[in-house]
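Chemist: Quick check, what structure comes out for this input:
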Amino acid sequence: MNRLLALIALCLWSLPASAEPGRHWQSLDPAAAGWTATALQPLRDYAGLRKPSALMLVQNGAVLASFGDPGRKVGVASVRKSLLSALYGIAVADGRIRLDARLGELGIDEKPPGLNAQEKSATVRDLLTARSGIYLPAAHETAEIREKRPPRGGHAPGAFWFYNNWDFNALGTIYRQRTAEDIFESFARRIAAPIGMEDFSAADGRYAPWPVSQHPAYPFRLSARDLARFGVLFANGGSWDGRQVVPAAWVRESTTSHSETDRPARGYGYMWWTLPEDGFGKGAALASGYGGQLLAIVPDKRLVMVQTAESGSSRTGTRTRDFIDMLRWIAASAP
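Modeler: Predicted structure coming up:
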């Protein structure tokens, strides 16, 4: 068996839809899972051309294919937002955060001149759906966000979707204030430990302040295999080994489109991009970070696909549309 094929690990088709990896991922023969000999060849070609740090395809909680180093931790950029969304689901279910709470009543403000009355009327739900109407500079925003940002006061809260790091960073502040928990320690205890992440620790997160904002970004470093576990958790409706880690209702709500976006065939949920049912089925969603950090779930096919890339590496293979096109091929080829 050549080197590439040696990296392929396939699950048995007889595994139940709720199957989850144990402490370490299973590695089985591809033919036993019902895939044709050529079905995964485009994925091998993609990995060879794009050369990500790691690329993993998982079905039924077992590895279908793995390329690169799935244990290497990298900064996952805006995937952090989907990670925080999961923590919000737990906190909302526990009654520690209300989705209809307004920024004014939560004491959320900004550096002088501060938020105005209209901006303070935005709710937690508005921020989760990127519809706050607050258009201010924010930590870790891209040049695209800066260029496209509407003028301040251009839209009322809840009226307009704009992918806005101010919203996402303020949600980090709200989470810490309302739960009295550090984001990374909370993620390690409430999600990473219950699903058996192999590499993540709270030390793999940090807060990144910005001179003109009160609200820091909260970048994470994760391995592809740990990110894949997070994907399996969401593909299984928030359940892991019989335990409901993230409320099932939250998984459904956060991976349901609440807004049309400026990305072709992608909607937006609660800090998750949503993928169209046509071609992907119900509940398909994407967590996407700048520079090639990508996690997709396709629950109808019991599939999870992850790509990670080193920061500063060549961007030849980091286009999200190429990843989605490959995912579409895999979903259509699934037995």
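Chemist: just the helices in the chain please.
Modeler: Along the chain, counting by DSSP state H, helices occupy 3-6, 41-50, 79-93, 103-106, 117-120, 124-128, 143-148, 165-179, 183-187, 224-235, 248-254, 277-280, 320-333.
Chemist: Show me what counts as buried in the fifth one.
Modeler: It refers to helix 117-120. 119, 120 (16 or more other C-beta atoms under 10 Å). Any C-beta I mention is one placed from the backbone N, CA and C, and that applies to glycine too.
Chemist: what's next to that helix, contact-wise?
Modeler: By C-beta atoms under 8 Å, 6 or more residues apart in numbering, the list of residues contacting helix 117-120 from outside reads 102, 103, 104, 108, 109, 132, 133, 134, 153, 156, 157.
Chemist: And stretch 202-215, by the same measure?
Modeler: Taking C-beta under 8 Å, 6+ apart as the rule, stretch 202-215 contacts 73, 109-111, 136-140, 166, 169-170, 172-173, 182-185, 187-188, 216-222.
Chemist: which of the residues in it are buried?
Modeler: Across stretch 202-215, burial judged by 16+ other C-beta under 10 Å covers 204, 205, 207, 210, 213, 215.
Chemist: Inside strands: which ones of the residues you listed?
Modeler: 210, 213, 215 (DSSP state E).
Chemist: Quick check: chain neighbours aside, which residue is closest to the last one?
Modeler: Pointing back at residue 215 there. In this structure, residue 215 finds its nearest non-sequential neighbour in residue 169, 4.0 Å apart by C-beta to C-beta, 6 or more residues apart in numbering.
Chemist: What count of nearby residues applies to that neighbour?
Modeler: By other C-beta atoms under 10 Å, the residues close to residue 169 number 27.
Chemist: Can you give me the distance of it to residue 139?
Modeler: Per C-beta to C-beta, to the nearest Å, residue 169 is found 6 Å from residue 139.
Chemist: joint contacts of these two?
Modeler: Taking C-beta under 8 Å, 6+ apart as the contact rule, residue 169 and residue 139 both touch 213, 215, 216, 217.
Chemist: you'd agree the last one is up against residue 172?
Modeler: Yes - counting by C-beta atoms under 8 Å, residue 217 sits close enough to residue 172 to count as a contact (7.4 Å).
Chemist: okay, and the common contacts of these two?
Modeler: Shared contacts of residue 217 and residue 172, counting by C-beta under 8 Å, 6+ apart, come down to nothing at all.
Chemist: Check residue 4 and give its pLDDT.
Modeler: Model confidence at residue 4, given as pLDDT, is 36.
Chemist: and what of residue 1?
Modeler: At residue 1, pLDDT is 34.
Chemist: Quick one: residues contacting the residue nearest in space to the middle of the chain.
Modeler: Most central in the chain under C-alpha atoms, centre = their mean is residue 287, positioned 3.0 Å from the mean C-alpha point. Residue 287 is in contact with 78, 79, 81, 82, 83, 272, 273, 294, 295, 296, counting by C-beta under 8 Å, 6+ apart.
Chemist: Show me what the mean pLDDT comes to for stretch 199-215.
Modeler: Mean predicted lDDT for stretch 199-215 stands at 97.
Chemist: Report the distance from it to the chain centre.
Modeler: In terms of C-alpha atoms, centre = their mean, to the nearest Å, the gap separating the centre of stretch 199-215 from the centre of its chain is 17 Å.
Chemist: Ok, stretch 194-208 next?
Modeler: How far stretch 194-208 lies from its chain's middle: 15 Å, per C-alpha atoms, centre = their mean.
Chemist: what's the span of that stretch from first residue to last?
Modeler: Stretch 194-208 stretches 27 Å from its first residue to its last (C-alpha to C-alpha, to the nearest Å).
Chemist: for stretch 108-121, same thing?
Modeler: End-to-end distance (C-alpha to C-alpha), stretch 108-121: 10 Å.
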